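# model this:
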Amino acid sequence: MNDTPTKPRRRGRLRLLLGAACATALAVTGGTLMATNAYAEADRTLTSNATGTHNGFYFSFWKDSGNASMVLRENGRYTSSWSNNTNNWVGGKGWATGTRRTISYSGSYNPGNNNTYLALYGWTRNPLIEYYVVENFGSYNPSSGATRYGTVTTDGGTYDILRSQRVNQPCIDGDRCTFYQFWSVRQQKRSSGTITTANHFDAWARAGLNLGSNHSYQVMATEGYQSNGSSDITVREGGSGNPQPTASNPGNPTNPPPGNSNCTAVLSAGQQWGDRFNLNVSVQQVSNWTVTLNLNGGQSIQNSWNASVSGTSGTVTARPNGSGNNFGITIMANGNWTWPTVGCRT
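I've put the predicted structure just below:
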C-alpha cells in the first residue's frame with residue numbers, strides 16, 4: 001500500500017481566511033469502465049496523518065487534533081466525518097502528481113453552517129504554491145479573506161480568482177514556509193460535477209499567478225476547521241458526467257453535471273471612479289462567441305467597446321464586432337460594486 005506517515009505540515013487555512021489580519025480516479029478513460037482496471041483493497045479507516053495509495057488512487061489525510069476520520073473505500077471513493085473538537089483537518093483521494101487533467105466527482109457533502117469546503121486541492125514546488133478549486137463550502141466563503149484577481153467561467157459556472165499568502169507556516173516541505181495560495185471559488189455551489197483543471201491554471205496565469213514547475217499531489221478533498229460535518233465523495237479522471245455509479249454511491253442520473261465548456265470568458269478589473277467601474281472581458285478558445293453578463297441590482301451599462309453589446313441592465317449580451325476577442329464595459333455601480341457573473345457559449 002506504500003503508506004507513509006506524515007508529520008503535521010498544515011496550519012488551519014480556514015483560519016487564515018477568517019479575517020484580513022489572520023487573514024480525487026478509477027483507472028478509466030472516456031467514462032468507459034474496464035473490468036481489468038478494478039481494484040479490491042479492503043476499506044481502511046484513517047484517524048492519524050498518512051499518505052499512500054488505495055485501490056489505485058493516491059490519498060492524503062492530515063489533522064492537527066480531534067476526531068476527524070476518513071474511510072478509504074472502493075475505487076476513487078472516500079467518506080469522512082469530523083466533530084467540533086477538531087481544530088483543522090483535510091483529506092481526499094486523487095493523484096500523487098498534479099497536472100492539467102479533467103476530473104469528475106460526485107457524492108454528498110454536508111457542511112452545515114460551518115467552516116468547511118469541498119475542493120480540488122494540490123501543491124507545486126519551484127515556486128511553492130498551494131492551490132484550491134473550491135466547489136462547495138459552508139458558512140464561510142474562502143474568497144472573503146483574499147485578494148481578488150477577476151473571474152473565470154468554465155464547466156457551467158463562474159469562479160472568483162483570488163490569492164493569499166502564508167508566512168513562516170508549515171507546508172509540504174517543512175514547518176516554516178512562506179508561500180502563496182491560489183484560489184478559484186465557485187459562485188454556484190455544487191457537490192457533483194466536472195473540473196477542467198487546465199482552465200483554472202490558465203486563468204491564474206493570465207492574472208499573473210503562476211504555479212510552480214514541479215507538481216506534487218492533487219486530490220479531491222474535504223476540509224474542516226473548528227466545525228463538524230461529513231462527506232461521501234467519488235472521483236475519477238475524465239469529464240462529461242458523474243463517476244461510474246456503485247451500489248453505495250448511485251450518483252444523480254436525473255441531474256448530471258455539465259459537460260466541458262468550449263468557451264471561456266475571464267473578467268479582470270479596469271479603471272474605477274466614484275460612481276462607476278470598468279471591466280475587461282477576455283474570451284478564450286473560440287472566435288465566434290456570445291457572452292452574457294448578469295448585472296447586479298441597480299447596475300447598468302454606461303459604455304462598451306470592441307464588441308456589440310445588447311441591453312443596459314439585468315442580463316446583457318455581447319457578441320464579436322470584428323475587433324477581436326477582448327472587449328470592455330463601463331458599469332454604473334449605483335452603490336453596488338459586486339462584479340457581474342459571466343457566461344460564454346459558441
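# would you mind finding the longest strand in this structure?
strand 157-171 (DSSP state E).
# helices or strands up against that strand?
Secondary-structure packing of strand 157-171 (3 or more CB pairs under 8 Å, 6 or more residues apart in numbering; DSSP states H and E): helix 13-16, strand 129-137, strand 147-154, strand 174-186, helix 197-206, strand 341-345. Quick note: C-beta positions are derived from backbone N, CA and C, even for glycine.
# adjacent strands (with direction) for it?
Using DSSP bridges, the strands paired with strand 157-171 in its sheet are strand 147-154 (antiparallel), strand 174-186 (antiparallel).
# got the contact list for the longest one?
Outside of strand 174-186, the residues that reach it under the criterion CB atoms under 8 Å, 6 or more residues apart in numbering are 9, 13, 16, 127-137, 141-143, 146, 152, 157-171, 200, 203-204, 209, 211.
# how about the longest strand of the chain as CSV, C-alpha atoms only?
Only the C-alpha atoms of strand 157-171 are listed here, as CSV (Å, rounded to 0.1, in the frame of the first residue of the first chain):
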residue,chain,number,x,y,z
GLY,A,157,-20.2,28.1,-13.5
THR,A,158,-18.3,31.2,-12.6
TYR,A,159,-15.3,31.1,-10.2
ASP,A,160,-13.7,34.0,-8.4
ILE,A,161,-9.9,34.1,-8.7
LEU,A,162,-8.0,35.0,-5.6
ARG,A,163,-4.6,34.9,-3.9
SER,A,164,-3.5,34.9,-0.3
GLN,A,165,-0.1,34.4,1.4
ARG,A,166,1.2,32.4,4.3
VAL,A,167,4.4,33.4,6.1
ASN,A,168,6.6,31.1,8.2
GLN,A,169,3.9,28.3,8.2
PRO,A,170,4.0,24.5,7.8
CYS,A,171,3.9,23.2,4.2
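# what angle separates that strand from helix 197-206?
80 degrees (axes from the mean of the first three to the mean of the last three CA atoms, to 10 degrees).
# tell me the contacts of residue 107?
By CB under 8 Å, 6+ apart, the contact set of residue 107 is 77, 191-192, 231-234, 249.
# please disregard the earlier target; I meant residue 162.
142-143, 146-149, 182-185.
# distance of it from residue 144?
In this structure, residue 162 and residue 144 are separated by 9 Å, where distance is defined by CB to CB, to the nearest Å.
# in space, what's closest to the residue minimising distance to the centre of the chain - neighbours in sequence excluded?
When the chain is reduced to its mean C-alpha position, the closest residue under CA atoms, centre = their mean turns out to be residue 133, at 1.4 Å. Closest residue to residue 133 apart from its sequence neighbours, by CB to CB, 6 or more residues apart in numbering: residue 120 at 4.1 Å.
# quick one, the helix or strand that contains that neighbour and strand 174-186 angle?
Secondary structure assigned from DSSP states H and E places residue 120 in strand 116-125. What separates the directions of strand 116-125 and strand 174-186 is an angle of 120 degrees, with the same axes, to 10 degrees.
# in its sheet, what does strand 116-125 sit against?
Each strand that pairs with strand 116-125, with its direction, by DSSP bridges: strand 129-137 (antiparallel), strand 214-225 (antiparallel).
# what's the next helix or strand after the last one packed up against?
Same thing as strand 214-225. Tracing the chain C-terminally past strand 214-225 and defining elements by DSSP H and E, one meets strand 229-237 next. Contacts of strand 229-237 with other secondary structure elements, assessed using 3+ CB pairs under 8 Å, 6+ apart, are made with strand 77-82, strand 88-95, strand 102-110, strand 116-125, strand 214-225.
# picking that back up, list the contacts of the residue nearest to the centre of the chain.
Applying CB under 8 Å, 6+ apart as the definition, the contact partners of residue 133 turn out to be 119-121, 159, 184, 186, 195, 197, 200.
# okay, now the unreliable bits of this protein?
Flagging of the chain using pLDDT under 70 yields the residue ranges 1-39, 239-262.
# tell me the domain ranges of it?
With automatic domain parsing as the criterion, the domains of the chain are listed as 4-237, 264-345.
# so how far does the last one reach from one end to the other?
One end of domain 264-345 to the other measures 8 Å (CA to CA, to the nearest Å).
# and the helices and strands packed on strand 229-237 as a markdown table, adding distance to residue 45?
As requested, the helices and strands packed on strand 229-237 are arranged in a markdown table below (distance: least, CB to CB, whole Å):
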| stretch | distance to residue 45 |
| --- | --- |
| strand 77-82 | 9 |
| strand 88-95 | 11 |
| strand 102-110 | 18 |
| strand 116-125 | 20 |
| strand 214-225 | 15 |
